[in-house]
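[1] okay, predicted coordinates and the sequence, questions at the end:
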Amino acid sequence: MGLPRRAGDPAELRKSLKPLLEKRRRARINESLSQLKGLILSLLGRESSHFSKLEKADILEMTVRFLQELPASSCPTAAPTPSDSYREGYRACLARLSRVLHTRRVLEPAASARLLEHLRRRAASATPDSGRAGDSCGPPAPSPPPAPLPPAPPRDPGLWRPW
């Protein structure tokens, strides 16, 4: 004969929460499949109204087929190098700055043009490692030694603190 379980027993709590957790998990799966269906149909150029009753397996099969048919050039075989990523980020930042300077008129047009031209020249020659092009081979240049700390203020010998 078993002992009666307490109301706060972890096994009882798990038992009561399991259906709720499963319902949430299924809702997440269905929501993701619905989004995937919309994405894949728009990429394939098909109307959603004709495919309103697609089964989950059909959506997944269409997605797999679509991804397999992508040209090899759109799927990079290797991850971009850090310097490529740096350059792309720099260019994106430069493009955004250009839009902001143009729309907000923060600087005089001549100053904006000089600033953007300077940054474009830097983008053409800069690398994340050293700030110069062509130095990306070999070990990175040693970083300069840290600046010395300023001297500590003199302590007052006449003041005694017990701590």
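    Nice, I can see it. Numbers count the residues shown, from 1 in each chain.

[2] ok, then the element right after the helix or strand encompassing residue 33?
    Using DSSP states H and E, residue 33 sits within helix 10-44. Note on helix 10-44: by DSSP H and E, the next helix or strand toward the C-terminus is helix 56-69.

[3] neighbouring contacts of stretch 41-61?
    Residues outside stretch 41-61 that contact it (C-beta atoms under 8 Å, 6 or more residues apart in numbering) are 33, 36, 37, 38, 40, 62, 66. For every residue, glycine as well, the C-beta is placed using N, CA and C.

[4] how far does that stretch stretch from one end to the other?
    End-to-end span of stretch 41-61 (C-alpha to C-alpha, to the nearest Å): 12 Å.

[5] show me which positions of that stretch end up buried.
    41, 54, 59 (16 or more other C-beta atoms under 10 Å).

[6] ok, stretch 88-103 next?
    90, 101.

[7] with just CA atoms, put the helix or strand of the chain with the lowest mean pLDDT into CSV.
    Lowest mean confidence among the helices and strands of the chain (mean pLDDT, DSSP states H and E): helix 82-104, at a mean of 83. Extracted in CSV, the C-alpha atoms of helix 82-104 (Å, rounded to 0.1, in the frame of the first residue of the first chain):
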residue,chain,number,x,y,z
PRO,A,82,37.2,38.1,-40.1
SER,A,83,38.6,40.8,-42.4
ASP,A,84,35.8,40.2,-44.9
SER,A,85,33.2,40.5,-42.1
TYR,A,86,35.0,43.6,-40.9
ARG,A,87,34.9,45.2,-44.3
GLU,A,88,31.3,44.4,-44.8
GLY,A,89,30.4,45.9,-41.5
TYR,A,90,32.4,49.0,-42.2
ARG,A,91,30.7,49.4,-45.6
ALA,A,92,27.3,49.0,-44.0
CYS,A,93,28.1,51.5,-41.4
LEU,A,94,29.4,53.9,-44.0
ALA,A,95,26.3,53.6,-46.1
ARG,A,96,24.1,54.3,-43.0
LEU,A,97,26.2,57.3,-42.0
SER,A,98,25.9,58.6,-45.6
ARG,A,99,22.1,58.3,-45.4
VAL,A,100,21.9,60.0,-42.0
LEU,A,101,24.2,62.8,-43.0
HIS,A,102,22.2,63.4,-46.1
THR,A,103,18.7,63.3,-44.5
ARG,A,104,19.5,65.1,-41.2
